[in-house]
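A.B. asks: make a model of this:
(2 chains)
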Protein chains: 2
Amino acid sequence: MPVSDTVSTPLMPYQLPFPADALAEIVVPDAVPKDERLWVPQAENVWFRPLCLNRSQGYWMNFLRVRRSGILSRHRHPNAVHGWVLKGRWHYLEHDWVAEEGSYIFEPPGETHTLVVPEGVEEMITYFQVNGIMSYVDPWGRPLGYEDVFTTIEMCRSHYASVGLGAEFTNQFIR
Amino acid sequence: MPVSDTVSTPLMPYQLPFPADALAEIVVPDAVPKDERLWVPQAENVWFRPLCLNRSQGYWMNFLRVRRSGILSRHRHPNAVHGWVLKGRWHYLEHDWVAEEGSYIFEPPGETHTLVVPEGVEEMITYFQVNGIMSYVDPWGRPLGYEDVFTTIEMCRSHYASVGLGAEFTNQFIR
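C.D. replies: Numbering: from 1, shown residues only, chains lettered A, B, ... in the order given. Got it, this is the predicted structure:
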């Protein structure tokens, strides 16, 4: 961000100063990456690709990629989730709709649902905004663990270090 | 949402009860609509398609569609914006990067920027989450007006009434 420029040079009318305390933007061209190292493994045949890891507001934007079918996880959300399906399809055992390529989904706070990728789907990729936490539960609702923006950051750091990009590769996505 | 079902029938292990106060989900198949009436005109050759109009938290999810080139607007954001480019490309006069099909962009709170669709782009469509307001300003930063989730809801109501879908067609997107 050209903060120092906007202080030291005369402003053109079209170049209004950014606040000195503003964060930098994140720009990710070709956000569905061809470089396999950018996909962070989360479980067997499940990966995510971070886009924005917002530690200030406690949410994360990512692509979730799944290359297996069956039940992936059962979890409760205390906050809203937004999904936009880029490829493939999935559904929740608790709902009768199917999220397909080109579908937008708002998941309200409070739901517990069980994510399933049906047989025959070789790959699903969905752009998710997850706010707060994913609280994993067993079929009777008992807590099994959770993920939040901080566990997500740690997964990225660990993975990017292991593939040679360096743990600090994660930093570009953190705000 | 099967709230009454979960109260009146025995629960299967895979059907945990939703909170009685939880909102309903939003599911929009084929979210880039073929029905031209779903695009709400915002300015000449500029439309949006609502996905989630969140009056409780003060943000909206939508597709912005532009079929003209040149400067579209100059505006300041007090809150974060997330963009995912579905088609075409655009940029801001204040930045040297270009948002292209397949790009993800995080716009930090505090920026004033000037949206431009370059010559040669017949159509751009971007999935935006806008939090708070779009505060429109002139080239010297003086306020010209604003849009928030409530003005957005009103634009939807007015348009959907005028094309015969009914003002209440908007309600499915409001949470």
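
A.B. asks: going forward, measure contacts and count neighbours with C-alpha atoms only.
C.D. replies: Will do.

A.B. asks: for chain A, name the helix or strand with the lowest mean pLDDT.
C.D. replies: In chain A, the helix or strand scored least confidently by mean pLDDT, DSSP states H and E is helix A:3-8, which has a mean of 37.

A.B. asks: what's whichever helix or strand comes after it in contact with?
C.D. replies: Downstream of helix A:3-8, the first helix or strand assigned by DSSP states H and E is strand A:26-28. Residues from elsewhere that reach strand A:26-28 (Cα atoms under 8 Å, 6 or more residues apart in numbering or on different chains): A:51-52, A:172-173, B:97, B:99, B:103-107.

A.B. asks: pairing partners for strand A:26-28, with directions?
C.D. replies: strand B:104-107 (antiparallel) (DSSP bridges).

A.B. asks: what residues of the strand it pairs with count as buried?
C.D. replies: Residues of strand B:104-107 classed as buried: B:104-107 (neighbour count, 16 or more other Cα atoms under 10 Å in any protein chain shown).

A.B. asks: what of stretch A:76-96?
C.D. replies: Burial within stretch A:76-96, assessed by neighbour count using 16+ other Cα under 10 Å, is assigned to A:76-94.

A.B. asks: run through these and flag the ones next to chain B.
C.D. replies: Among the buried residues of stretch A:76-96, the residues lying close to chain B (Cα under 8 Å from any Cα of the partner chain) are A:93-94.

A.B. asks: so which of the buried residues of stretch A:76-96 are in strands?
C.D. replies: Counted as lying in strands by DSSP state E, out of these, are A:76, A:81-87, A:89-92.

A.B. asks: how about a markdown table for the residues you listed, with pLDDT added?
C.D. replies: Below are those laid out as a markdown table (pLDDT from 0 to 100):
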| residue | pLDDT |
| --- | --- |
| A:Arg76 | 94 |
| A:Val81 | 98 |
| A:His82 | 98 |
| A:Gly83 | 98 |
| A:Trp84 | 98 |
| A:Val85 | 98 |
| A:Leu86 | 98 |
| A:Lys87 | 98 |
| A:Arg89 | 97 |
| A:Trp90 | 98 |
| A:His91 | 97 |
| A:Tyr92 | 95 |
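
A.B. asks: closest to B:Met155 out of these?
C.D. replies: Checking those against B:Met155 with Cα to Cα, the nearest one is A:His82 at 22.5 Å.

A.B. asks: ok, A:Phe150 - contacts?
C.D. replies: Going by Cα under 8 Å, 6+ apart, A:Phe150 touches A:Arg55.

A.B. asks: phi, psi of it?
C.D. replies: Phi and psi for A:Phe150, reported as degrees, to the nearest 10, are phi -80, psi -40.

A.B. asks: so who does A:Ala22 touch?
C.D. replies: If a contact means Cα under 8 Å, 6+ apart, then A:Ala22 has B:108-111 as its contacts.

A.B. asks: so which of those are also by chain A?
C.D. replies: By Cα under 8 Å from any Cα, the members of the contacts of A:Ala22 lying near chain A are B:108-111.

A.B. asks: sorry, back to before: could you identify the most distant pair in the buried residues of strand B:104-107?
C.D. replies: Across those, no pair lies farther apart than B:Tyr104 and B:Glu107, at 10.0 Å, counting by Cα to Cα.

A.B. asks: where do the contact lists of these two overlap?
C.D. replies: Common neighbours of B:Tyr104 and B:Glu107 (criterion: Cα under 8 Å, 6+ apart): A:26, B:82.

A.B. asks: list of residues touching the helix or strand encompassing A:Asn62?
C.D. replies: Assessed by DSSP H and E, A:Asn62 sits inside strand A:59-66. The set of residues external to strand A:59-66 that reach it, using Cα under 8 Å, 6+ apart, is A:32, A:45-54, A:123-133, A:148-149.

A.B. asks: okay, it in CSV with CA atoms only?
C.D. replies: Output of strand A:59-66 as CSV, limited to C-alpha atoms (Å, rounded to 0.1, in the frame of the first residue of the first chain):
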residue,chain,number,x,y,z
TYR,A,59,-13.3,-15.7,10.3
TRP,A,60,-11.6,-17.3,7.3
MET,A,61,-12.2,-17.3,3.5
ASN,A,62,-11.0,-20.5,1.7
PHE,A,63,-11.6,-23.0,-1.0
LEU,A,64,-12.4,-26.4,0.3
ARG,A,65,-11.4,-29.3,-2.0
VAL,A,66,-12.7,-32.8,-1.5
